[in-house]
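1. Structure for the following, please:
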Amino acid sequence: MLQKEVALREILKCRLRLCEHSFSSIAAELKISTGAVSNCCSGVIKSKRIQAAIAAKLGEDPATIWPSRYADHADQSQHENQQKEVQNKVSGVP
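-> You can find the predicted model right below:
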């Protein structure tokens, strides 16, 4: 496990505690193990469901917390938006 991922896990644990949540409370809500939540935060596993739950508790978008995990999605969305703009220009739609 990389040092950066361990640091992110600890930061998330702290931020969740400040919001009166924890890995355990999220695990109970999702009916999964606390280890699964911890492993997701530290990059051992990837789970959009767990990431979404954590982000929701923190009031953030998962892509803000884990930008590298969502980079492909963001690139794809940007590409799709660019294609729509080109189509609109070609078809004369403002």
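
2. tell me the centre residue of the protein?
-> Centroid check for the chain by C-alpha atoms, centre = their mean gives Pro62 as the closest residue, at 2.4 Å.

3. Is it in contact with Tyr70, as I believe?
-> Yes. Taking contacts as C-beta atoms under 8 Å, Pro62 lies within contact range of Tyr70: 6.5 Å. Every residue, glycine included, has its C-beta placed from N, CA and C.

4. How much space separates the residue nearest to the centre of the chain from Cys40?
-> Distance, Pro62 to Cys40, by C-beta to C-beta, to the nearest Å: 11 Å.

5. Residues that sit against both of those two, list them.
-> Jointly contacting Pro62 and Cys40 under the rule C-beta atoms under 8 Å, 6 or more residues apart in numbering are 51, 54.

6. Contact partners for Cys41?
-> 8-9, 12-13, 23, 54.

7. tell me which of these is nearest to Lys48?
-> Ile54 (10.8 Å; C-beta to C-beta).

8. Dump the helix or strand encompassing that closest one to CSV, restricted to CA.
-> Taking DSSP states H and E as the definition, one finds Ile54 inside helix 48-58. The C-alpha coordinates for helix 48-58 follow below in CSV (Å, rounded to 0.1, in the frame of the first residue of the first chain):
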residue,chain,number,x,y,z
LYS,A,48,-18.1,2.9,-6.5
ARG,A,49,-20.8,2.0,-4.0
ILE,A,50,-18.5,2.4,-1.0
GLN,A,51,-17.0,5.5,-2.5
ALA,A,52,-20.4,7.0,-3.1
ALA,A,53,-21.5,6.3,0.5
ILE,A,54,-18.3,7.9,2.0
ALA,A,55,-18.6,10.9,-0.4
ALA,A,56,-22.2,11.4,0.5
LYS,A,57,-21.4,11.5,4.3
LEU,A,58,-18.8,14.1,3.5
